[in-house]
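J.: Sharing a model prediction with you, sequence too.
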Amino acid sequence: AAPAHRHGLAPATVAVAAGRPDRRQGAPVNPPVVLSSTYVSAGVPGPDELLYARADTETWQPFEEALAALEEAALPALVYGSGMAAVAAALSLVPPGGRLVVPRHAYQITLGLAAELAGRGALTVEHVDIADTDAVLAAVRGQAADGAGTPAAMLWVESPTNPMLEVADLPALAAGARATGTLVVVDNTFATPLGQRPLRVGAHVVLHSVTKYLAGHSDVVLGALATDDAGLRARLAAYRTMHGAVAGPWEVWLALRGLRTLALRVAQSQRSAAELAARLAAHPAVAEVRHPSLPGDPGHERATRLLSGYGSILGVRPHGGVAAADAVVDAVRLWLPATSLGGVESSLERRRRFATESGTVPEDLLRLSVGIEDVEDLWADLSAALDSLGGR
């Protein structure tokens, strides 16, 4: 069962109830979409006065309040024009020349931006196996053979990782990083706030590609950050304003509407993902399946202990290598060959079709994002594609 929210409401209830207009006779139950770039203003504006839509709008605020409630953040979240805009804002917290510790497996464009910043001398990057807690904390400490070292400026965590589904010991990593004064940023896109709340176990900033599970319908591109630290929030808000990393009001309204059904969508997709993982593990055409629900999966123990659910993403490697993986993608009829994830529709792709994907991701790895369709229909389509491999 999902843990109760700190105000006594279950997360599924928070997703529905948070970010609503004040109750009064005749008031709408949903916040309106306000399409205005500027606001009436004379004299010196007050600290909370709306002035210009690049800085703040009343259409952002309900979504930001709702996400903060789900993540149990003490301050409103911040919505950005894309997940990568949020990533860029978070990375801006690394001081010039500071060291960034990142997972070797993570969203490829996050790693690409970190590499670009390193190439310009803005920071240095150290890659780690995020599941190896001792190695990660040694990297955070910057520990040399003599025990001396300079702590990292930031530890970036994905858990589960994209696309390898490694599970981090997030409480241990956050505690160890905080002890060295290292900022901890957690990309919580895969787990969602229903699966884990990184701020509650010591993270400084939590990030979401709102495009994925939060909005949930593959129709918007948005990102978000949440923090309990007023100073960090002010810096992240200033980055959004100064860099123009802003979201359109209509997209944010759609994301809030999608958020209302988050718990239902995640529950259905997680159930189906676990069932499909078990069936795939027994299929003769499958060489390997990654999903934390499987007892033999490397992340199973930690996911069982630390997460409220095993997630809706599968990693599958068919026998026959790259040719077989591409053949599966070509053969499915219900599953959509597409990138991205977290929508109501099920999709799959071979991740190494992108030259920018991490070189340690297997060439034949298929990443499957399980949607909310009937699991028997999903299985019929997927198993027929696998059966068609024949002697590959």
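T.: Done, it's in.

J.: Spatially nearest residue to the residue nearest to the spatial centre of the chain (excluding sequence neighbours)?
T.: When CA atoms, centre = their mean is applied to the chain, the residue found nearest the centroid is T189 (1.4 Å). Excluding the flanking residues, the one nearest T189 by CB to CB, 6 or more residues apart in numbering is S209, at 4.6 Å. For the C-beta atoms, the positions are set from N, CA and C on the backbone; glycine is no exception.

J.: swap in G142?
T.: In space, G142 is closest to G149, 3.4 Å off (CB to CB, 6+ apart).

J.: from memory the one you found sits against Q143, does it?
T.: Yes: the pair G149 and Q143 qualifies as a contact (CB atoms under 8 Å) at a distance of 4.5 Å.

J.: Just the pLDDT for G391.
T.: Listed pLDDT for G391 reads 52.

J.: brain fart, A118
T.: At A118, the predicted lDDT confidence score is 97.

J.: How much space separates the residue nearest to the centre of the chain from L207?
T.: In this view, T189 and L207 are 7 Å apart by CB to CB, to the nearest Å.

J.: who touches both of those two?
T.: Contact criterion CB atoms under 8 Å, 6 or more residues apart in numbering; residues bridging T189 and L207 by contacting each: G83.

J.: Let me see the contact set for the residue nearest to T189.
T.: Counted by CB under 8 Å, 6+ apart, S209 has contacts 82-83, 86, 107, 187, 189, 222-223, 342.

J.: Please, where are all the strands along the stretch 251-392 of the chain?
T.: 286-290, 313-318, 336-337, 347-350, 366-369 (DSSP state E, counting those that start in this stretch).

J.: partners of the last one, with directions?
T.: As defined by DSSP bridges, the strand partners of strand 366-369 come to strand 313-318 (antiparallel), strand 347-350 (antiparallel).

J.: Tell me which residue of the protein is furthest from the middle?
T.: Distance to centre of the chain, CA atoms, centre = their mean, peaks at G43 (41.6 Å).

J.: Next one: the closest residue to L9 other than its chain neighbours from A10, what distance?
T.: Spatially, and ignoring its direct neighbours in sequence, L9 is nearest to A17 (6.9 Å; CB to CB, 6+ apart). Taking CB to CB as the measure, A17 falls 10 Å from A10.

J.: shouldn't A230 be in contact with P76?
T.: No: with contact defined as CB under 8 Å, A230 does not count as touching P76 (11.0 Å).

J.: more neighbours, these two?
T.: P76 (22 against 10; other CB atoms under 10 Å).
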